[in-house]
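1. here's my sequence, what's the structure:
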Amino acid sequence: MELEEKKQLRLKILEELYEIYFKTGRGKGTLNYLKFEDMPTRTAYEYLINKGLISEKHESGNNFNYKITVVGIDLVEGSIAIPGL
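-> Numbering: from 1, shown residues only. Below is the predicted model of the structure:
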């Protein structure tokens, strides 16, 4: 996967979690971590967690909850810029 594709994937994940945040009222998107069939998606989530743009909470079994943080919201809305995205 090329660098630009990695950046686009990370931004897509952020935008999806942003939409969930404002649509559900709870701001949570629960996913089964094992459904991340490809390494680029797994590493994209880990990158966003390490940057503080999304949070991860273990729910049960292989289910994890991912939620965009306030910093992630600011990034999606264009209030801030973060190197690497």
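
2. how about the strands in this protein?
-> 29-32, 54-60, 63-68 (DSSP state E).

3. turn those into a markdown table, including distance to residue 3 and mean pLDDT.
-> The way it works is simple: take the backbone N, C-alpha and C, and place the C-beta from them, glycine included. Shown next, in a markdown table, are those (distance: least, C-beta to C-beta, whole Å; pLDDT from 0 to 100):
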| stretch | distance to residue 3 | mean pLDDT |
| --- | --- | --- |
| strand 29-32 | 25 | 57 |
| strand 54-60 | 20 | 85 |
| strand 63-68 | 23 | 84 |
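
4. the longest helix in this protein is where?
-> helix 3-24 (DSSP state H).

5. deepest of the strands of the chain, which one?
-> Among those, strand 63-68 has the highest mean neighbour count (mean count of other C-beta atoms under 10 Å), at a mean of 18.

6. partner strands of it, parallel or antiparallel?
-> strand 29-32 (antiparallel), strand 54-60 (antiparallel) (DSSP bridges).
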